[in-house]
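S.K.: just need the structure, nothing else, for what follows:
(chains A and B)
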Amino acid sequence: MNYKMIIHMLGQVSLFEAMFMILPLAVSVIYREPDGFAYLATMAACALFGLLSMRIKIKDRTIYVREGLVIVSLSWIILSIFGSLPFFISGDIPHFPDALFETASGFTTTGSSILTDVEALSKSNLFWRSFTHWIGGMGVLVFILAFLPMKAGGAGMRIMRAESPGPSVSKLVPKVKTTAMILYSIYLSLTVFQIILLLCAGTPLFDSLTLTFGSAGTGGFAIKNDSLAGYTGLQQSIVTAAMILFGINFNVYYLLLRKRASQAFRLTEVRVYLAVIAVSVLLITVNVIPMFPSFYEAFHHAAFQVASIITTTGFSTADFNAWPPLSQTILVILMFIGACAGSTGGGIKVSRIILLLKGVRKEILMTCHPRSVKKLKMDGHTVSHEVIRSINAFIIIYAVIFVVSLLIISLDSMDLVTNFTAVAATLNNIGPGLNAVGPCGNFSSFSDLSKFVLMFDMLAGRLELMPMLILFVPSTWKK
Amino acid sequence: MNIIIVGCGKVGSTLADQLSSEDNDVTVIDKDYSAVQTLSDKYDIMGIAGSGIDHNILREAGVENADLLIAVTGSDERNLLCCLIAKKAGNCQTIARVRSPEFNHQIHYIKEELGLAMIINPEYAAAQEISRILGFPSAIKIETFAKGRVEILKFRVPIGSVLNDLKISEITTKLRCGEVLVCTVERGEQVTIPDGNFIIKEKDVVSIVASPKKAKQFFKRINIQTNQVKDTIIIGGGKITFYLTDLLLSMGIDVKIIEMNRARCEKLSELLPRATVICGDGVNKELLMEEGLAKADSFVTLTDMDEENILLSLFAKSKNDNMNIITKINSIDFDEVINNLDLDSIIYPKHVTSENIVRFARAMKNSLGSNVETLHHLVDNKVEALEFCIRENAPVLNIPLEKLNLKSDLLIGCINRNGTIITPKGQDMLMLGDTVVVITTNKGLNDIKDILKD
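M.R.: Numbers count the residues shown, from 1 in each chain, chains lettered A, B, ... in the order given. Okay, here's the model as predicted:
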């Protein structure tokens, strides 16, 4: 285990976090809030840790798979700890586990909150809370890979693979650095585009920024207690479209940029993703028509909720807790499906679901024709056995984590629906669940133990399980 | 530069390593998914699993924008076809590895007609390398620059040599020989580019730069014989043996081949009537002694097994210390261990191949704006010797060398001015039209200006 290199990378992460905090600091200056000092103190702490770790002399710069995974998971833990300090120091969230929960939920783009009154937070804290979504959406280490002048070699790819969601992460171009740069440019341009659209729709600047951060990272922290219910129909529609776009595999945008549109639209994953959205919206619309004055209203809210849940954002315009069971069930199923691989969304990922279903069909065929030989194909390519195996393993680990988490948090004696959807909402990085943790509720009533379990679920969900699990394997830490 | 490598074998991976670390955009293609996966995990490259002769796969690898395609799969026909398709699809330069002797005599015809930039035959390249060593046997390895006028010679300081405990600055005066520039010293795993105060020890591996005449004088003074060998024994009758024997016979060296397989022996004696072909097991001590191992000038082990080659060479060394021994090693993973053994010269055919290709790729980059004329790897990729041409606007023009702010671990080996070789001293200047050989452990120098500190 190359501890020096791990600490070196963690130091770099904390330096970058200090840099990111310049923005909320600026907000506090603009709104003349005393919270600026909390940010200054945190930045100082980050910088101190960063600079100290930079002083370590490194002889051996090799990073193996193990180190790559540990770097990723520890980076995210460090990010969450440092990121929670401003909330804690400023006194907006006085209980430290709560502050940590809120920040972990931010960076992992979950959007589950322990706050009962969001509007009581200072502007700078609200801004930072949303901005963590934007940082977490594409990943911090990918950011570092894109902008730090270093020769990453193969190590870069390992880190990127661990941090980017999806069953088989591939590069867009041969170099990791260029790939990371392209991804961030796409991400940034889409973000700016959404901000401009929201501004044109008459949203105040602060609201446009925070809403955009929330939807770009598919996070879900809003700055109002009623999430997005108070905004106009047009503003809500812009966010709906934006969420769907950020849930699409970023390869599509790259292909579009390279003027290979036909190839982009032929990707099975994107087609299935859009089809699932269409069917779900249709079913829910029909199901909730009686609750709304017009068909259009029903469609509008159904579309928003479906987009919000499948992309694992977690904004809401209506309290779907009060919706009929069919709609609720569809939404819970969408929670598990999640967005496309290679997007900023969470969940199991559409491509995994497709391959799993194809695998099931193959198994059934094998029972009818035991000697038949069949290879799974996707987008014209044969899917290797390795990928299938890793997806199967993913699902099993996913189920185990789910069950164990559910068991631990049921100690708090909440009802089963609350517990079930709380785990689903955190492990899939969505945000709100149903009942007590529904769009109008929050996670504050859980005990600290449950909060830590849910925090683990958020991180495990965002980093696709393995990096978090490897922390618990003793042989990881052997020299 | 955008480079596509088809085939992820040993040569393919060495190339991927080398070319990607030199800031090229490298994409590898191989039919074996796991080979592609391992390679793209290890280096900063993109991997595509699929057939290199599939037009769609090549397009996916970006053949339209590629500058160079290197086909190094196991099959000659596949490599040639891959280059043909790439040529038509993307109009890039192509390099194919073609190893079958069937093609050997028509290689130029194929290259011209199919429009390939380079065809490399690993066995032939290795044979050439060996024949060069046997032609000037004391030097372990020879690289030529300035169209053969300058040579870098690498040799191991023998036990009890006059060079032992000698300061580098004292070499010329103590030995009363012409100017000889020591460029690298390997001691164990460590490689140094020494200054005048460095003290040479026995068993060090030293590289020197000198013109052939001065080099001959130098070796005479340190008591290492430099004449071409008279005869050689080759163990193993593979493809390298065939090419090597052909080359050696034309140089007037007697060749004795020991090969186990009867049919192969007959084939060899048919193809090489002037060589002595002996059918027998090379790992048989009595046979070796019977065939005159103790009296032979040189000994080349070219069997398929690395272990056998090493053991045979060590045995030969113990029987006849004055002999020139060349060992072929296929695996490059344990070169540190192998270098510690007291083997004279080691040939890594895979290295020779990839080195030739990297040299070509560099030369191509050269035409895209860099300035490297030739490139050699000296100490298994740790040190590079590069030849630059001094053009107008070069920031080093007409400045005495001692005033140049050179990078550390870098040495100017020699200056070639209109055919005269100058061993550079502090007062010498680089002039327009000169070519210089720069020896350095810094990798990826592209232009003469890169020798200066940033």
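S.K.: which residues touch residue 191?
M.R.: This is for chain A. A:134, A:212-213, A:216 (C-beta atoms under 8 Å, 6 or more residues apart in numbering or on different chains). C-beta here means a position set from N, CA and C on the backbone, and glycine is covered the same way.
S.K.: sorry, I should have been clearer: chain B.
M.R.: B:Val191 makes contact with B:184-185, B:379, B:382-383, B:441 under the criterion C-beta under 8 Å, 6+ apart.
S.K.: ok, now A:Met291?
M.R.: Contacts of A:Met291 by C-beta under 8 Å, 6+ apart are A:298, A:322-323.
S.K.: so after the host helix or strand of B:Val26, what's the next helix or strand?
M.R.: Using DSSP states H and E, B:Val26 falls within strand B:25-30. Counting by DSSP H and E, the next helix or strand C-terminal to strand B:25-30 is helix B:33-42.
S.K.: how about the strands of the stretch 1-150 of chain B, start to end?
M.R.: Remark: strands assigned in the stretch 1-150 of chain B by DSSP state E, counting those that start in this stretch are B:2-6, B:25-30, B:46-49, B:68-71, B:93-97, B:118-120, B:141-145, B:150-156.
S.K.: next up, phi/psi of the residue most central in space within chain B, please.
M.R.: With distances taken as C-alpha atoms, centre = their mean, B:Val352 lies nearest the centre of chain B, 4.6 Å away. Backbone torsions of B:Val352, given as degrees, to the nearest 10, read phi -60, psi -40.
S.K.: quick check: it touching B:Ala126?
M.R.: Yes. Counting by C-beta atoms under 8 Å, B:Val352 touches B:Ala126, with 5.1 Å between them.
S.K.: find the closest residue to chain B in the stretch 301-450 of chain A.
M.R.: At 4.5 Å from chain B, A:Ser384 is the closest residue in the stretch 301-450 of chain A, using C-beta to the nearest C-beta.
S.K.: picking up where we left off before, which one of the contacts of B:Val191 is nearest to B:Asn393?
M.R.: Lowest distance from B:Asn393 to the contacts of B:Val191 (C-beta to C-beta) belongs to B:Thr441, with 27.0 Å.
S.K.: burial count for that closest one?
M.R.: Around B:Thr441 there are 18 other residues, counting by other C-beta atoms under 10 Å in any protein chain shown.
S.K.: now do the helices in the stretch 251-400 of chain B.
M.R.: Secondary structure of the stretch 251-400 of chain B (DSSP state H, counting those that start in this stretch): helices located at B:262-271, B:285-290, B:306-319, B:335-340, B:349-367.
S.K.: nearest to chain A, of those helices?
M.R.: For those, the distance to chain A is smallest for helix B:349-367, at 14.5 Å, taking C-beta to the nearest C-beta.
S.K.: just how off-centre is the closest one within its chain?
M.R.: Relative to the chain's own centre, helix B:349-367 is displaced by 10 Å; criterion: C-alpha atoms, centre = their mean, to the nearest Å.
S.K.: what's the burial count for B:Gly47?
M.R.: Residues near B:Gly47, counting by other C-beta under 10 Å, number 26.
S.K.: how much space between it and A:Ala162?
M.R.: The gap separating B:Gly47 from A:Ala162 is 17 Å, by C-beta to C-beta, to the nearest Å.
S.K.: report the contact partners of the residue positioned nearest the centre of chain A.
M.R.: Closest to where the C-alpha atoms of chain A average out (C-alpha atoms, centre = their mean) is A:Thr109, at 3.6 Å. Taking C-beta under 8 Å, 6+ apart, we find A:Thr109 in contact with A:133, A:136-137, A:217-220, A:312-313, A:344-346, A:429, A:462.
S.K.: ok, now with 10 Å
M.R.: In this structure, A:Thr109 makes contact with A:132-138, A:213-214, A:216-221, A:246, A:311-314, A:344-346, A:429-431, A:458, A:461-462, judged by C-beta atoms under 10 Å, 6 or more residues apart in numbering or on different chains.
S.K.: out of the residues you listed, name the ones that lie in helices.
M.R.: Of the positions in these, A:132-138, A:213-214, A:216, A:246, A:458, A:461-462 sit in helices, assigned by DSSP state H.
S.K.: in JSON lines, list those residues along with pLDDT and neighbour count.
M.R.: Output for the ones in helices among the contacts of A:Thr109, formatted as JSON lines (pLDDT from 0 to 100; neighbours: other C-beta atoms under 10 Å in any protein chain shown):
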{"residue": "A:Thr132", "pLDDT": "94", "neighbour count": "29"}
{"residue": "A:His133", "pLDDT": "94", "neighbour count": "28"}
{"residue": "A:Trp134", "pLDDT": "94", "neighbour count": "25"}
{"residue": "A:Ile135", "pLDDT": "92", "neighbour count": "21"}
{"residue": "A:Gly136", "pLDDT": "91", "neighbour count": "29"}
{"residue": "A:Gly137", "pLDDT": "89", "neighbour count": "24"}
{"residue": "A:Met138", "pLDDT": "86", "neighbour count": "25"}
{"residue": "A:Phe213", "pLDDT": "94", "neighbour count": "27"}
{"residue": "A:Gly214", "pLDDT": "92", "neighbour count": "32"}
{"residue": "A:Ala216", "pLDDT": "93", "neighbour count": "28"}
{"residue": "A:Phe246", "pLDDT": "93", "neighbour count": "27"}
{"residue": "A:Met458", "pLDDT": "94", "neighbour count": "30"}
{"residue": "A:Gly461", "pLDDT": "92", "neighbour count": "29"}
{"residue": "A:Arg462", "pLDDT": "91", "neighbour count": "27"}
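S.K.: for those residues, could you give me CSV that also reports distance to chain B?
M.R.: Shown next, in CSV, are these (distance: C-beta to the nearest C-beta, whole Å):
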residue, distance to chain B
A:Thr132, 29
A:His133, 30
A:Trp134, 27
A:Ile135, 24
A:Gly136, 25
A:Gly137, 24
A:Met138, 19
A:Phe213, 31
A:Gly214, 33
A:Ala216, 27
A:Phe246, 25
A:Met458, 28
A:Gly461, 24
A:Arg462, 22
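S.K.: strands of chain A, residue ranges please.
M.R.: Ranges of strands in chain A, per DSSP state E, are A:377-378, A:381-382.
S.K.: out of those, nearest to A:Thr178?
M.R.: strand A:381-382 (23.1 Å).
S.K.: list the helices and strands the closest one packs on?
M.R.: Counting contacts by 3 or more C-beta pairs under 10 Å, 6 or more residues apart in numbering or on different chains; DSSP states H and E, strand A:381-382 packs against strand B:46-49.
S.K.: what about the strand it packs on, average pLDDT?
M.R.: Mean pLDDT, computed over strand B:46-49, is 88.
S.K.: OK, contacts around residue 107?
M.R.: Picked chain A for this. By C-beta under 10 Å, 6+ apart, the contact list for A:Phe107 reads A:17, A:75-77, A:79-80, A:83-84, A:132-133, A:135-137, A:139-140, A:217, A:219, A:458-459, A:462.
S.K.: should've been chain B
M.R.: Contacts of B:Ile107 (C-beta under 10 Å, 6+ apart): B:98, B:116, B:119-121, B:124.
S.K.: secondary structure element for B:Asn446, which one?
M.R.: Per DSSP H and E: nothing holds B:Asn446, as it lies in no helix or strand.
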